[in-house]
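A.B. asks: Structure for the following, please:
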Amino acid sequence: MAEQSEGMTLALGELETAVREKLATLEEQGFSRRLWERDASLWKTDPEPQRIIRNALGWLTVPQVTLEGLAELSSFVEEVKAAGFKHAVVLGMGGSSLCPDVCRTSFGTAPGFLDLQVLDSTVPASLARAVDPAEVRRTLFLVSSKSGGTVESLSFYKHFRGQVRAAKGDSAGENFVAITDPGSSLEKLAREQGFRRVFPGQPDIGGRFSALSNFGMVPAALAGVDVRGLVSRAKEMCKACSAEGLVEDNPGVVLGVVIAEAARAGRDKITFILSPGINTFGDWVEQLIAESTGKEGKGLVPVPERNLADPGAYGNDRLFVHTELASEPDENLQGALRTLESASHPVVRIRLRDKLDLGREFFRWELATATAGALLGINPFDQPNVQESKDNTNRLLAEFRAQGKLNEGSPLLEADGLKIFCDPATLLQLSKSAEDHGLATEDVADIFASFLGLARPGDYVALMAYLDFSSLHKALLRALQFQIRDSLYLATTVGFGPRYLHSTGQLHKGGPNNGLFIQITCDDAEDVPIPGEPYTFSVLKQAQALGDLAALQGKERRVIRVHLGTDIQAGLDQLTGISQAAVERLRK
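C.D. replies: So this is what the prediction gives:
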């Protein structure tokens, strides 16, 4: 197709005809007009889903709402600066944490503003690293939860409330801000315990569509991000996607049609490559797509990748999206993308003039995801399978309260410091796979080979690591990710628990049964108590891991758990070596 407006260029190859035909159909159906009229029948015909959808479309007009509230937000920022605060920490998960993290890593902290951190991990080591105890008096904590009942956010609050109270006594509440929907239990808690401020969410915006609302913009403003510029760019994109123009000129709808038609053609793995300066935008869009489309046995699999492989490493299940900052051109990467095009892979290119254009991309991708959901027959605004893991976690924590321990079951095999766990159904599949591939399942590499041998064309591998979200662990997991990708030609994703439970976790359980899931757990070298609870953060993390494992098993997913012990670096190195040995055995 010809170059699109709003910085987007498409090279679709065999998808071009289907995309053009679908755009023509949507023009005839008045799709853009109906979307802006909040016509819920674009997605579902039943009354109850339509009611939910109509109450989830506030993101269409949130840029203007946010702009109108900027004077109050700016006044608050000046207030906390004058009060001597130097640091801000978001205590949130999923939609409450990912946009603040994009802003933190992309823009940094402006001079004179608050150093922004985001805590979205119950791993004790991550918690211990989040705040310097010597700075707790000068730290503003943003307890961020749309529902108000997010267990992680409330546990973080209990922990830091105790620290601040020890330092400041009865005035501890002035170090806390709530960002939550009106009427939530968190709003009530904030009023009772004297929080400095409560910023309301919009009830008609779901968490993953809330980037341009208070959930994303309050933390950004505290860090000194040009929120007016960011949201004004979003408003530009909003105007470009309005109902007045032709569908083929609507950049959000066009992108939604591209990803939907790619999925129909079997290219359901959307592979993101981003300029280094905006790399964490991939985490935000990963949640948006996975949680919005991964349901009813359908789903698009977002695959953020740091580097491209040769075309031969990719199957015909890929759509590539390259988002590039104008200030970070990469001709080598452009050459690799042209090579992919020559190998008949479709490629979308999006060019950002500067980092403030992220505001445009937040809105573009929200509209594209909503459009893709409509075309695939999915309600992109609910998350029916997220609660399963939460319920399992609560059941396990209740058992811990009663028995003082968690029952993790017996390992299938224990060797060289690693433990392998699987359920009876997966064990039966492993035995059959071992027989098919001439393996004996006598060691860890045999078991791993048998598991990877279950892969079918079009599958993907998900690495789900309940580890500290550190640079070292991310690098080691990326090495394992690319080793599997390049050896087996399978899309491979990496998610850190429990943060992925609020993003790709919905896809894992509600999407198609085309994933091989490898859960990676460890023993925590340190632990942190949760005030008022009989369990610690380590126990909470373990319960979340085991709860999600049970949910995956209940959906008859192919899943194993690998327990590393306490030496995480050695364990990940060993696991990568085992994976390599497993692939070699499969090739014999």
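
A.B. asks: quick one: contacts for the residue nearest the centre of the chain?
C.D. replies: For the chain, the residue lying nearest the average C-alpha position, counting by CA atoms, centre = their mean, turns out to be Q287 (3.3 Å). Under the criterion of CB atoms under 8 Å, 6 or more residues apart in numbering, the neighbours of Q287 are G94, G95, L98, R208, H502, S503, T504. Yep, even glycine has a C-beta here, placed from its N, CA and C like the rest.

A.B. asks: now, the most widely separated pair of these?
C.D. replies: For these, the maximum inter-member distance is 13.3 Å, found between G95 and T504 (CB to CB).

A.B. asks: hang on, the earlier thing: among the contacts of Q287, which one sits closest to F517?
C.D. replies: Using CB to CB, T504 is the member of those that sits closest to F517, with 10.4 Å.

A.B. asks: can you give me the helices for the stretch 201-350 of the chain?
C.D. replies: Taking DSSP state H, counting those that start in this stretch to define them, one finds helices in the stretch 201-350 of the chain at 214-222, 227-240, 251-264, 281-293, 331-342.

A.B. asks: ok, residues contacting the third one?
C.D. replies: Contacting residues not belonging to helix 251-264 are listed as 4-6, 8, 10, 12, 15, 18-19, 22-23, 26, 31-32, 35, 237, 240-241, 247-248, 268, 270, 289, 300, 319, 346, 348, 363-372, 374-376 [CB under 8 Å, 6+ apart].

A.B. asks: Now which of these would you call buried?
C.D. replies: Among these, the ones that count as buried by 16 or more other CB atoms under 10 Å are 4, 6, 8, 10, 12, 15, 18-19, 22-23, 26, 31-32, 35, 237, 240-241, 247-248, 268, 270, 289, 300, 319, 346, 348, 363-372, 374-376.

A.B. asks: Let's see which of those residues end up in strands.
C.D. replies: With strands taken from DSSP state E, the overlap with the buried ones among the contacts of helix 251-264 comprises M8, L10, I270, L319, V348.

A.B. asks: C-terminal to the helix or strand harbouring F160, what's the next element?
C.D. replies: Applying DSSP states H and E as the criterion places F160 in helix 151-168. Going down the chain from helix 151-168, the next helix or strand is strand 176-180, by DSSP H and E.

A.B. asks: Export that following strand to PDB, keeping only CA atoms.
C.D. replies: The C-alpha coordinates for strand 176-180 follow below in PDB (Å, rounded to 0.1, in the frame of the first residue of the first chain):
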ATOM      1  CA  PHE A 176       0.400   9.000  50.000                       C
ATOM      2  CA  VAL A 177      -1.800   9.700  47.000                       C
ATOM      3  CA  ALA A 178      -4.500   7.400  45.600                       C
ATOM      4  CA  ILE A 179      -5.400   7.100  42.000                       C
ATOM      5  CA  THR A 180      -8.600   5.100  41.800                       C
END
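
A.B. asks: which residues are contacting it?
C.D. replies: Residues from elsewhere that reach strand 176-180 (CB under 8 Å, 6+ apart): 92, 96, 140-148, 157, 161, 164, 186-187, 189-190, 193, 195-201, 214-215, 218.

A.B. asks: what pLDDT does the residue of the chain positioned farthest from its centre get?
C.D. replies: Relative to the average C-alpha location in the chain, and by CA atoms, centre = their mean, no residue lies farther out than G438, which sits at 38.0 Å. Looking at G438, its pLDDT stands at 91.

A.B. asks: ok, back up a step: possible to save the helices of the stretch 201-350 of the chain as TSV with distance to P124 and mean pLDDT?
C.D. replies: Conversion of the helices of the stretch 201-350 of the chain to TSV gives the following (distance: least, CB to CB, whole Å; pLDDT from 0 to 100):
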stretch	distance to P124	mean pLDDT
helix 214-222	24	98
helix 227-240	33	98
helix 251-264	38	98
helix 281-293	22	97
helix 331-342	38	95
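
A.B. asks: Go through these and name the closest to Q580.
C.D. replies: Nearest of the helices of the stretch 201-350 of the chain to Q580, taken as CB to CB: helix 331-342 at 24.2 Å.

A.B. asks: Pull out the buried residues from that closest one.
C.D. replies: In terms of neighbour count (16+ other CB under 10 Å), helix 331-342 has its buried residues at L333, A336, L337, L340, E341.

A.B. asks: again, but for stretch 549-559
C.D. replies: L549, A550, A551, L552, Q553, R557, R558, V559.

A.B. asks: and the fifth one, what helix or strand is that in?
C.D. replies: Spelled out, it's Q553. Q553 belongs to helix 537-554 when assigned by DSSP H and E.

A.B. asks: Pull the distance from that helix to the chain's centre.
C.D. replies: Centroid separation for helix 537-554 versus its chain: 18 Å, with CA atoms, centre = their mean, to the nearest Å.

A.B. asks: Give me the angle between it and helix 151-168.
C.D. replies: Calculated by axes from the mean of the first three to the mean of the last three CA atoms, to 10 degrees, helix 537-554 forms an angle of 170 degrees with helix 151-168.

A.B. asks: Which element is encountered next along the chain beyond helix 537-554?
C.D. replies: Heading C-terminal from helix 537-554, the first helix or strand you meet, by DSSP H and E, is strand 558-563.

A.B. asks: All good on my end, thank you.
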